[in-house]
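Undergrad: The following comprises the amino acid sequence and a computationally predicted model.
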Amino acid sequence: MLILQFNNLKNLNASLQVGDAVYAHGTSEQLLGGLQQTNGDTGTNQFIGILRKIDNNGGNQYDLHIDDSVAGARGTPQSGDFIMFSKSSQGDSGVLGYYAEAKFVNDSTEKAELFAVSSEIIINSN
């Protein structure tokens, strides 16, 4: 388990959730072919793992617990790396599991019509 600590963080991205894939991208200058690279592109995004827990240690301090033992995870980010995340292609929305049940109740005595009901179905055997 890898723990990334963020201090003095104004706010954590509200979209970040447990289960998201976490990546790092180097921000320091690198030498490429003997020339110093200063255009900000310092390599490729590096997958570091899956977010398993978010701790708010009070105020603007956060710990992100990342499972770095998953397949494809490569290494530990360096101080100063840009940290980003992406949503999984499955399982982030819609109905999860093997079945779903819904109950609609209208306690009004006024006439009412239900126009539409819909749901996303996601194949998930986790």
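TA: Sure, I can see it. Here the structure is a predicted model, which means the values were calculated and not measured. Numbering: from 1, shown residues only.

Undergrad: Got the phi and psi for the spatially closest residue to D20 that is not a sequence neighbour?
TA: The spatial neighbour of D20 that comes closest, neighbours along the chain excluded (Cβ to Cβ, 6 or more residues apart in numbering), is F85 at 4.4 Å. C-beta coordinates here come from the backbone N, C-alpha and C atoms, glycine included. As for F85, its main-chain torsions (degrees, to the nearest 10) stand at phi -140, psi 160.

Undergrad: surely F85 meets V22?
TA: Yes - in terms of Cβ atoms under 8 Å, F85 counts as a neighbour of V22; the distance is 5.1 Å.

Undergrad: what about these two, which has more around it?
TA: The residue with more neighbours, out of F85 and V22, is V22; 23 against 17, by other Cβ atoms under 10 Å.

Undergrad: pLDDT score assigned to the more buried one?
TA: The predicted local confidence for V22 comes out at a pLDDT of 92.

Undergrad: Within the helices and strands, which one has it?
TA: V22 is located in strand 21-25, with elements delineated by DSSP states H and E.

Undergrad: What of I50?
TA: Assigned by DSSP H and E, I50 falls within strand 46-56.

Undergrad: From the contact counts, what lies against the next helix or strand after that strand?
TA: Proceeding N to C from strand 46-56, the next assigned helix or strand is strand 62-67, under DSSP H and E. In this structure, strand 62-67 makes packing contacts with strand 2-6, strand 46-56, judged by 3 or more Cβ pairs under 8 Å, 6 or more residues apart in numbering; DSSP states H and E.

Undergrad: Which residues are in contact with the residue nearest the centre of the chain?
TA: Among the residues of the chain, D20 comes closest to the average C-alpha position under Cα atoms, centre = their mean, at 2.9 Å. Residues near D20 by Cβ atoms under 8 Å, 6 or more residues apart in numbering: I50, L51, F85, S86, K87, S88.

Undergrad: Just the buried ones out of these, please.
TA: I50, L51, F85 (16 or more other Cβ atoms under 10 Å).

Undergrad: Out of those residues, flag the one nearest to N13.
TA: Checking these against N13 with Cβ to Cβ, the nearest one is F85 at 7.6 Å.
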